[in-house]
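[1] build me a model from this:
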Amino acid sequence: MPTLDSILADADIVTLFQPILDGHNQTILGHEALSRGPELSPYHSAAALFSLAKACQRTIELEHLCLTQAIHHFMAQQLEGRLFVNLSATALLALDIKQLISLLRSHDLPCERLVIELTEQYQND
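    Coordinates of the predicted model:
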């Protein structure tokens, strides 16, 4: 069974994308990134994965990895529109903006195509 250490070290995150549609114009506005743990493991569920990270006090590290993987896979799949990602306020505040800009540039993702939604799920971290 994978451990949180191995998941983080191996970037063993499955990223799925859910289209976000403009119903009026019948167009795709973008895709929301959904992160999961390793397939066929107890941590494949996002709830189980993030519960494990919280118990290990490594939620921010996991959120940053999920963001990195989302950007990578979004661009690799050449998805249209904007990339929507969820981050806790704590993870956003811990994010080094220079590293984020470098990450976006290294994947040729313009800043205006990234939408960060603040999640309240882990507001007490």
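[2] low pLDDT regions in this structure?
    Applying pLDDT under 70 to the chain flags the ranges 121-125.
[3] is residue 64 in contact with residue 95, as I believe?
    Yes. Using CB atoms under 8 Å, residue 64 is in contact with residue 95, at 6.8 Å. Bear in mind the C-beta positions are built from the backbone N, C-alpha and C, glycine included.
[4] so between those two, which is more surrounded?
    Neighbour count, other CB atoms under 10 Å: between residue 64 and residue 95, residue 64 has more, with 20 against 17.
[5] contacts only, for the more buried one.
    91, 94, 95 (CB atoms under 8 Å, 6 or more residues apart in numbering).
[6] ok, then the element right after the one helix or strand it maps to?
    According to DSSP states H and E, residue 64 maps onto helix 59-76. Next in sequence after helix 59-76, counting helices and strands by DSSP H and E, comes strand 82-88.
[7] okay, now the sheet partners of that following strand, with direction.
    Here strand 82-88 has these sheet partners by DSSP bridges: strand 27-36 (parallel), strand 114-119 (parallel).
[8] buried stuff in the helix or strand encompassing residue 20?
    Here residue 20, judged by DSSP H and E, is contained in strand 14-22. Within strand 14-22, the residues that qualify as buried are 15, 17, counting by 16 or more other CB atoms under 10 Å.
[9] counting by contacts, list what that strand packs against.
    Judged by 3 or more CB pairs under 8 Å, 6 or more residues apart in numbering; DSSP states H and E, strand 14-22 is in contact with strand 27-36, helix 59-76.
[10] pick the most buried one from those.
    Ranked by mean neighbour count, the helices and strands packed on strand 14-22 are led by helix 59-76 with a mean of 20 (mean count of other CB atoms under 10 Å).
[11] output that helix as CSV, restricted to C-alpha atoms.
    Taking Å, rounded to 0.1, in the frame of the first residue of the first chain, the C-alpha atoms of helix 59-76 are listed here in CSV:
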residue,chain,number,x,y,z
THR,A,59,-2.0,19.2,3.4
ILE,A,60,-0.2,22.2,1.9
GLU,A,61,2.4,19.9,0.3
LEU,A,62,-0.3,17.7,-1.2
GLU,A,63,-2.3,20.7,-2.5
HIS,A,64,0.8,22.1,-4.2
LEU,A,65,1.6,18.8,-5.8
CYS,A,66,-2.0,18.5,-7.1
LEU,A,67,-1.7,22.0,-8.6
THR,A,68,1.5,21.1,-10.3
GLN,A,69,0.1,17.9,-11.7
ALA,A,70,-3.1,19.6,-12.8
ILE,A,71,-1.1,22.2,-14.8
HIS,A,72,1.1,19.5,-16.3
HIS,A,73,-1.8,17.2,-17.4
PHE,A,74,-4.0,20.1,-18.5
MET,A,75,-1.4,21.3,-21.0
ALA,A,76,-0.3,17.8,-22.0
